[in-house]
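Q: Give me the fold of what follows.
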Amino acid sequence: MVTGRKIGLTLLLIVLHFFAFSQILNPIKWTSESKQINDNTFEIHMTAILEDTWHVYSTKQGDDSGGVGIPTSFTWTDNKDIKIVGEIQEKGKLLDVFNELISAREQYYGGKVTFIQKVEVAKATKAEVEIMFQVCNDEGCLAPDYKTFSFDLKPKKSTTQNKTLDAEEGDSAEDNNELTSTTDDSNDSSTEESDADGAVNLPAPDLSSANQDVDNTSESASIETNVDVKEPSNKGNRTFWEIFIFGFLGGFAALLMPCIFPMIPLTVSMFTKQSKTRSSGITKALIYGISIIVIYVALGLVITAIFGPGALNALATNPWVNIAFFVLFIIFAISFFGAFEITLPSKWVNKADKGADKGGLIGIFFMALTLTLVSFSCTGPIIGTLLVESANTGALLGPAIGMFGFSLALALPFTLFAIFPGWLNSLPSSGGWLNTVKVSLGFIELAFALKFLSNADLVWQAHWLEREIFLSIWIGIFFVMGLYLINAFRLSLDSDDNKIGVPRLMFAILTFVFVFYMIPGLWGAPLKLLSGLTPPKNYAESPTGFFGGGGLTNNASQLPENAHYGPHQIPAFYDIDDAFAYAKEVGKPVMIDFTGDACANCRKVEDNVWSDPRVMAKLSDEVVLASLYVDRMIELPEEEKVYSEVKGRKLRTIGDKWSAYQIEKFQSNSQPLYIIVDEDLTHFNEPMGTELNIDTYLQWMDEGIENFNKSN
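A: Now for the predicted structure:
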């Protein structure tokens with residue numbers, strides 16, 4: 001009996017695993033209606049309703065943004081009785097975000113969006129429009145799809161017609177959609193729809209209506225933002241723990257600044273000497289530390305309350321704001337180098353100092369406030385850096401958590417040294433080394449400044465700071481920092497001591513090691529430790545670095561016929577028939593890679609898994625890779641524009657072809673999907689989706705390759 005249950009459970013798990021890769025995702029529904037606004041003018045409303053986490057792109061997506069998502073577009077069937085009036089309008093909450101993974105700006109809608117087109121009709125007629133759209137979430141995109149609506153428009157009668165359809169169903173409008181009237185029943189008119197099933201002969205995408213172009217990407221299209229849509233999360237943002245740790249490290253760095261470090265023994269001594277008992281001194285130190293935390297956390301909350309979490313995230317990705325941060329960080333760096341000091345108004349410090357004279361709990365709080373204000377010349381740049389990074393969480397508590405980490409690190413020494421005053425004897429004496437710390441942070445601020453300039457450059461696609469230039473500047477900055485740490489030169493505020501201590505020497509060595517680590521990046525090395533900081537590899541003068549030096553091979557003659565260099569220069573076929581022909585010739589299995597240009601998880605697997613030398617070797621030598629892009633909008637040859645049962649219409653683009661192939665052969669429409677097969681499409685293991693564990697991915701590949709070899 002137990003054995004039977006185990007077998008049944010095993011079979012159930014196998015079935016569930018199969019269906020996990022066999023589901024057809026269906027995250028969008030469309031509704032349409034026409035509204036008569038005067039005798040011969042109508043508004044055509046086409047509304048997309050999306051499931052949680054999914055979005056559809058604006059008609060403006062791709063306008064100088066560099067985004068890879070397919071913009072929603074509308075093609076009207078040529079009709080001499082219809083005149084298109086103005087540009088198409090979009091009504092919804094437009095999200096304008098910078099996608100760090102693909103280094104491009106994207107404009108899209110989540111939840112619900114209505115596209116509105118005004119038309120004028122000369123007489124009773126039928127208007128037909130085809131919508132091309134693509135839906136995506138944070139993990140990837142489905143292949144672009146089409147919908148066709150038709151509307152019976154009768155002038156001089158007020159009519160509204162409405163219907164709903166599922167964006168993935170291929171059934172006819174008569175079977176699936178109920179026509180409802182929202183105005184006078186006597187003026188009802190039926191609305192027909194071609195549900196993307198090929199029943200209506202559609203024009204080529206560039207045809208106009210009544211000799212008037214329908215410009216769907218015009219900058220003059222008005223965007224209303226009165227629909228409450230939950231903004232999708234950005235998985236590339238820092239977590240709260242990362243922000244806390246970043247803040248804590250920033251607070252620790254601030255402790256070593258000349259404005260704060262000398263204050264530790266002075267403040268602790270004051271508490272211990274003015275207190276009649278040891279416990280009283282500890283209590284005062286605790287209140288002092290808590291006051292520091294309260295002040296900085298309050299600062300984080302105030303900043304968020306003023307701007308809001310969404311505004312902070314938008315500011316962090318806005319190119320002009322990034323330019324402003326670039327200038328600000330340059331100023332911070334120059335300040336740390338000793339050219340000038342950034343200070344708050346002296347009257348603020350004087351008022352806080354007067355409050356400290358009151359004594360008691362209030363006096364201790366004002367002592368903490370005085371420290372905060374006096375030390376701003378040292379902590380200001382660090383706090384500014386922290387708040388900018390915290391903004392990228394896009395969450396209400398991001399800046400507050402960052403400030404909590406910063407203030408906790410700042411407050412701990414004052415409290416701990418009050419509890420254990422003997423530790424004060426182990427503190428190093430103040431001296432020139434404090435200025436060395438400050439100058440070193442100046443070099444780091446200078447490097448961060450370049451990151452903000454790079455962010456703006458990537459959004460605008462201006463190619464000011466391509467990967468090689470960015471790395472060259474960083475190499476120069478940290479090389480000079482290394483020279484400074486070994487005392488090769490001094491700045492104006494440095495002491496005249498020619499000797500360097502062991503800690504300074506160790507930091508100098510680490511700095512030079514970092515420089516040497518970056519140098520191979522100029523020749524195309526991936527530099528995984530700097531992922532997210534440097535521009536992506538494809539944003540470069542050459543994707544393989546200077547002189548074409550980065551990759552497995554650069555000899556195009558080594559590529560099989562009809563193959564191309566894919567990620568990490570792994571040979572890949574973009575046509576399944578070419579892949580099968582070559583695989584038969586060399587006796588290898590085909591690994592099908594259903595992917596997309598806008599597939600975020602595809603890029604994650606390629607960047608984090610395929611970059612492993614063991615995986616690269618297997619992809620290059622043990623399988624024939626067929627990368628089939630389901631969102632490529634390249635027009636198919638006329639002979640390949642055949643009717644697809646699974647799509648319910650004729651195939652038009654290469655993306656259409658491979659999307660239909662994936663659905664028909666493997667009952668799935670999500671990417672990435674990896675399958676190891678032979679020319680008969682025999683599976684040699686279970687399909688694999690997103691898998692970022694390299695060992696698991698290798699085991700999966702080994703299983704498929706081994707089973708193929710056994711069968712042959």
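Q: From now on I want contacts and neighbour counts done on CA atoms only, so please keep to that.
A: Noted.
Q: give the contact list for Ala411.
A: Tyr288, Gly289, Ile290, Ile292, Ile293 (C-alpha atoms under 8 Å, 6 or more residues apart in numbering).
Q: Make JSON lines out of those residues and add pLDDT.
A: Below are the contacts of Ala411 laid out as JSON lines (pLDDT from 0 to 100):
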{"residue": "Tyr288", "pLDDT": "79"}
{"residue": "Gly289", "pLDDT": "80"}
{"residue": "Ile290", "pLDDT": "85"}
{"residue": "Ile292", "pLDDT": "81"}
{"residue": "Ile293", "pLDDT": "83"}
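Q: who wins for most neighbours among those residues?
A: Using other C-alpha atoms under 10 Å as the neighbour test, the contacts of Ala411 are led by Ile292, with 27 neighbours.
Q: Now do that one against Ile331, distance only.
A: Distance, Ile292 to Ile331, using C-alpha to C-alpha, to the nearest Å: 26 Å.
Q: With Ile364 instead?
A: Separation of Ile364 from Ile331 (C-alpha to C-alpha): 33 Å.
Q: Compare neighbour counts for those two and give me the winner.
A: Comparing Ile364 with Ile331 by other C-alpha under 10 Å, the one with more neighbours is Ile364, at 23 against 20.
Q: host element of the more buried one?
A: helix 360-374 (DSSP states H and E).
Q: Phe42 now?
A: Under the criterion of DSSP H and E, Phe42 resides in strand 41-50.
Q: so after that strand, what's the next helix or strand?
A: strand 55-57.
Q: Please point out which parts of that following strand sit buried.
A: His55, Val56, Tyr57 (16 or more other C-alpha atoms under 10 Å).
Q: One more: stretch 574-591?
A: Buried residues in stretch 574-591, counted by 16+ other C-alpha under 10 Å: Tyr574, Asp575, Ile576, Ala579, Phe580, Tyr582, Ala583, Gly587, Lys588, Pro589, Val590, Met591.
Q: quick one: average pLDDT of it?
A: For stretch 574-591, the mean pLDDT works out to 93.
Q: same question, stretch 530-549
A: Stretch 530-549 carries an average pLDDT of 64.
Q: Only C-alpha atoms, please: export the helix or strand encompassing Phe244 in CSV.
A: Phe244 belongs to helix 240-255 when assigned by DSSP H and E. This file holds the C-alpha atoms of helix 240-255, laid out as CSV (Å, rounded to 0.1, in the frame of the first residue of the first chain):
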residue,chain,number,x,y,z
PHE,A,240,16.6,46.3,2.9
TRP,A,241,19.4,44.2,4.3
GLU,A,242,21.8,45.4,1.6
ILE,A,243,20.8,49.0,2.3
PHE,A,244,21.3,48.5,6.0
ILE,A,245,24.7,47.0,5.5
PHE,A,246,25.7,49.7,3.1
GLY,A,247,24.5,52.3,5.6
PHE,A,248,26.4,50.6,8.4
LEU,A,249,29.6,50.5,6.4
GLY,A,250,29.1,54.2,5.6
GLY,A,251,28.7,55.0,9.3
PHE,A,252,31.9,53.1,10.1
ALA,A,253,33.7,55.1,7.4
ALA,A,254,32.4,58.3,8.9
LEU,A,255,33.8,57.3,12.3
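Q: just checking, what packs against it?
A: Judged by 3 or more C-alpha pairs under 8 Å, 6 or more residues apart in numbering; DSSP states H and E, helix 240-255 is in contact with helix 376-391, helix 398-419.
Q: Can you flag the weakest of those helices by average pLDDT?
A: Mean pLDDT is lowest for helix 376-391 among the helices and strands packed on helix 240-255, at a mean of 64.
Q: can you tell me how far Lys123 sits from Lys83?
A: Taking C-alpha to C-alpha as the measure, Lys123 falls 11 Å from Lys83.
Q: Looking at these two, which one has more neighbours?
A: Lys83 (18 against 13).
Q: Show me how this structure divides into domains.
A: The record's domain parsing of the chain by automatic domain parsing lists 26-224, 238-427, 431-550, 551-711.
Q: Quick one: end-to-end distance for stretch 488-506.
A: 15 Å.
Q: And for that stretch, what's in contact with it?
A: With contact meaning C-alpha under 8 Å, 6+ apart, stretch 488-506 is reached by Phe337, Gly338, Gly432, Asn435, Thr436, Leu483, Tyr484, Leu485, Ile486, Asn487.
Q: which intervals of the stretch 551-700 of the chain have sub-threshold pLDDT?
A: Filtered on pLDDT under 70, the stretch 551-700 of the chain yields the residue ranges 551-557, 598, 600.
Q: Now do the strands in it.
A: Secondary structure of the stretch 551-700 of the chain (DSSP state E, counting those that start in this stretch): strands located at 563-565, 571-573, 590-595, 624-629, 643-644, 649-650, 673-677.
Q: what does the third one contact?
A: Contacts with strand 590-595, where a contact means C-alpha under 8 Å, 6+ apart, come from 579-580, 583, 602, 623-630, 658, 662, 671-679.
Q: at 7 Å instead, please
A: Strand 590-595 has contacts (C-alpha atoms under 7 Å, 6 or more residues apart in numbering) with 579-580, 583, 602, 623-630, 671-678.
Q: Equivalent analysis for the fourth one, please.
A: Residues outside strand 624-629 that contact it (C-alpha under 7 Å, 6+ apart): 572-576, 579, 583, 588-596, 619, 655, 658.
Q: How about the first one?
A: Contacts of strand 563-565 from elsewhere in the structure, counted by C-alpha under 7 Å, 6+ apart, are Pro571, Ala572, Phe573.
Q: ok, now the second one?
A: Here strand 571-573 makes contact (C-alpha under 7 Å, 6+ apart) with Leu559, Asn562, Ala563, His564, Tyr565, Gly566, Ala579, Ser620, Leu625, Ala626, Ser627.
Q: For the stretch 251-400 of the chain, give me the ranges with low pLDDT.
A: Checking the stretch 251-400 of the chain against pLDDT under 70 turns up 257-259, 261-263, 265-278, 303-318, 341-363, 370-381, 384-385, 387-398.
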